[in-house]
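>>> Sequence first, predicted model second:
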Amino acid sequence: MRHLLDPSYRATENPLGLVRLVVGSIALIGTILVVILALVTRDPRTLELVGALWAVYGLTVGFLFGVLEPAIEGLFQLLGNVGLVRAGQGYSSIETLVARGHIAAAADAYAERARNHAERAEATLRRAALLAGPLQEPETAAVELDNLRTAPLSKRDDFRVGLALVELYEHHLADPGRAMAELRRLIDRYPTAQDARRLRTALAELKAARYGSAPGTLAT
């Protein structure tokens, strides 16, 4: 997991995180300069600039990760799907098989759809849900989800696969150690993700359940 913690890797993987780092550095340097100026001029009003600097930082980060990042992710997802699935040709026919109780046939149909590179992640995630649930094959589901990572995944798909593996390890395979490792991988790789705090809380709770420590001391 060393490369996931490497700052250069993280900046390449998440360019918006690099922008946040630059803006934060500017705000920090500006704060230091303003404090020095206040000490030299002995004018406490100059400290008002500190609030302005960090307000700009907060607005920038809020826009980047609250507006721009979800918009970009949604746009790429839309562009990736345009023209790949004809209207009415989604997964409704496979979902009908599930509703009629033909679970194995539905799982096979998802496997067939996963042969299409554009549908690989979505179809495999849906198939894994059937394998882990009604088909009672969580080991197979975990292997297939893990194999998804042999090819590059979008941030959204990688995140979804990680969460699905956490669910499998914790609730179907009784392997909290691997569930914690997967949670830590997601936290390290996507520290600014919208659900990062929820992941840290889940990791703390798992550690507390396994080692008997207070969750509040394990979330970092």
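Perfect, thanks for sending it.
>>> tell me the domain ranges of this structure?
The record's domain parsing of the chain by automatic domain parsing lists 2-81, 92-214.
>>> just these: most buried one?
Highest mean neighbour count of the domains of the chain: domain 92-214, a mean of 17 (counted as mean count of other CB atoms under 10 Å). Where C-beta positions appear, they are placed from N, C-alpha and C, glycine not excepted.
>>> could you give the mean pLDDT of that one?
Averaged across domain 92-214, the pLDDT comes to 89.
>>> Now do residue 58 against residue 52, distance only.
Counting by CB to CB, to the nearest Å, the gap from residue 58 to residue 52 is 11 Å.
>>> swap in residue 59?
Going from residue 59 to residue 52 by CB to CB gives 11 Å.
>>> swap in residue 141?
On the measure of CB to CB, residue 141 and residue 52 end up 52 Å apart.
>>> Surely residue 165 and residue 143 touch.
No. If you go by CB atoms under 8 Å, residue 165 and residue 143 don't touch, sitting 10.4 Å apart.
>>> In the chain, mark out all the helices, start to finish.
Secondary structure of the chain by DSSP state H: the helices cover 2-5, 7-13, 15-41, 48-63, 69-81, 92-99, 103-113, 120-132, 138-147, 155-167, 176-189, 196-211.
>>> In contact with residue 162, which residues?
By CB atoms under 8 Å, 6 or more residues apart in numbering, the contact set of residue 162 is 182-183, 185-186.
>>> got TSV for those, with distance to residue 99 too?
As requested, these are exported to TSV (distance: CB to CB, whole Å):
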residue	distance to residue 99
182	31
183	33
185	35
186	32
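>>> Going by distance to residue 201, which of those wins?
Set against residue 201, the nearest of the contacts of residue 162 by CB to CB is residue 183 (9.9 Å).
>>> Surely that closest one touches residue 206?
Yes. Counting by CB under 8 Å, residue 206 is a contact partner of residue 183 at 7.1 Å.
>>> who's in contact with the nearest residue to residue 210 once chain neighbours are set aside?
What sits nearest to residue 210 in space, not counting adjacent residues and going by CB to CB, 6 or more residues apart in numbering, is residue 176, at 5.3 Å. Taking CB under 8 Å, 6+ apart as the criterion, residue 176 is in contact with 169-170, 206, 209-210.
>>> how about a cut-off of 7 Å?
170, 206, 210 (CB atoms under 7 Å, 6 or more residues apart in numbering).
>>> got it, and residue 146?
The contact partners of residue 146, by CB under 7 Å, 6+ apart, come to residue 165.
>>> Roughly how far does it sit from residue 139?
With CB to CB as the criterion, residue 146 and residue 139 are 11 Å apart.
>>> just residue 172 next, same as before
Distance from residue 172 to residue 139, counting by CB to CB: 9 Å.
>>> Thanks a lot, see you next time.
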